[in-house]
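[1] The sequence isn't on hand, but the structure is:
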C-alpha cells in the first residue's frame, strides 16, 4: 500500500491567536443539545472568506476538524473522557496562522465511554437513509448478537471493497470520507474502509471506534482501522489489511492483537 496522506492536519503546525472569549458571533452557534451522547454541535450560517477549523481540546490534547459555512449543523465528538472541554472556531489568517472567532467551555459527565461511538459525527458521518446503512440493516436483520453483526458486516466489507491506489494523489488534508460514495465505488483507502465499517456498525447499535495511527502490520505508513466493543471489551479490527489477504484467498484473524497498533487519534 502506498503511504497514506497524513489526514486532518496530523502534521500541520498551526499558530492560533485569541480574538474573542466566550463572544456571541452572529451566524455562529456552538450547541450542547447532544452533550448527553458525547457530542457538541456547530452551525455556521454566515460566509467566511477563509478556511475554518473547529478545535476540540482537553488536558493538552487537541483534535482539529474542517468546517464548512453552508448553514448545516455538524456534530463533533468529545471522545477524551469526562471533564471540561474547550471548543473553538478558528479562521485562517495566512499560511498556518488562525485567529479565534468564538470559544466555549463545555462539560461532559463521566459516562461508560461507549455512547459517543454509536453516534454520527463529522468523521463517521451517516444517516438512517444512507444506502450503506440500509445495507447494514439488511445484512443484520433478525440478529441480536453484536458479535454476529460485526462478523457479517466484516465479511461484507472485506469481500466487496478494494484498495484504491490512485486516490491518495487527489486528496487534501481536509478530506473526510463520504460513506455513500465509497459504498457505490466499492473501493477506497484505509480511511474510507474504517469510516464505512464504523458507520455501518454504529447504525445497527454496535459501539465502534475509527482509529488513526500506525500499525506493525503496515510499517511506516499512517493508517486507519477500527475497534469494536464486543463481549465487554474493545477488539481491534483492520478491514483494509484483511480485505487484501482474504481476496487473495489467504487466512487472517478478524480480531487483531492491540500491541500491533499505536493510536494517535480516536474518533
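    Thanks, I have it. Values in this document were obtained by computation on a predicted structure and should not be read as measured data.

[2] Which residues outside the strand or helix carrying residue 136 are in contact with it?
    Per DSSP states H and E, residue 136 falls inside helix 131-139. Residues from elsewhere that reach helix 131-139 (CB atoms under 8 Å, 6 or more residues apart in numbering): 126-127, 152-153, 156, 179-180, 182-184, 196, 199-201, 203-204. C-beta here means a position set from N, CA and C on the backbone, and glycine is covered the same way.

[3] Can you turn the buried part of the residues you listed into a ChimeraX selection?
    Buried residues within these, by 16 or more other CB atoms under 10 Å, are selected in ChimeraX with:
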select :126,152,153,156,179,180,182,183,196,199,200,201,203,204
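
[4] Closest to residue 241 out of the contacts of helix 131-139?
    residue 196 (14.7 Å; CB to CB).

[5] The closest one and residue 181 touch, don't they?
    No: using CB atoms under 8 Å, residue 196 is not in contact with residue 181; the gap is 10.0 Å.

[6] is residue 74 in a bridge, and if so with what?
    Counting by DSSP bridges, residue 74 is bridged to residue 42.

[7] hang on, I meant residue 223
    On the basis of DSSP bridges, residue 223 is bridged to residue 213.

[8] Let me know whether it touches residue 190 as I believe.
    Yes: the pair residue 223 / residue 190 is scored as a contact, 5.5 Å apart, by CB under 8 Å.

[9] Leaving out sequence neighbours, find the closest residue to residue 160.
    Spatially, and ignoring its direct neighbours in sequence, residue 160 is nearest to residue 186 (5.7 Å; CB to CB, 6 or more residues apart in numbering).

[10] err, residue 75, not the other one
    residue 39 (4.5 Å).

[11] Please name the residues that touch the one you found.
    75, 76, 77, 78, 116, 119, 121.

[12] Could I get those in CSV, plus columns for distance to residue 167 and secondary structure?
    Formatted as CSV, the contacts of residue 39 follow (distance: CB to CB, whole Å; DSSP: H, G, I helix; E, B strand; the rest coil):
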residue, distance to residue 167, secondary structure
75, 26, strand
76, 25, strand
77, 25, strand
78, 30, coil
116, 28, helix
119, 26, coil
121, 22, coil
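
[13] mind checking the backbone torsions on residue 115?
    Per-residue torsions, residue 115: phi -60, psi -40 (degrees, to the nearest 10).

[14] and the residue lying closest to residue 185 once chain neighbours are set aside, how many neighbours does it have?
    Spatially, and ignoring its direct neighbours in sequence, residue 185 is nearest to residue 164 (7.6 Å; CB to CB, 6+ apart). For residue 164, the neighbour count with other CB atoms under 10 Å is 17.
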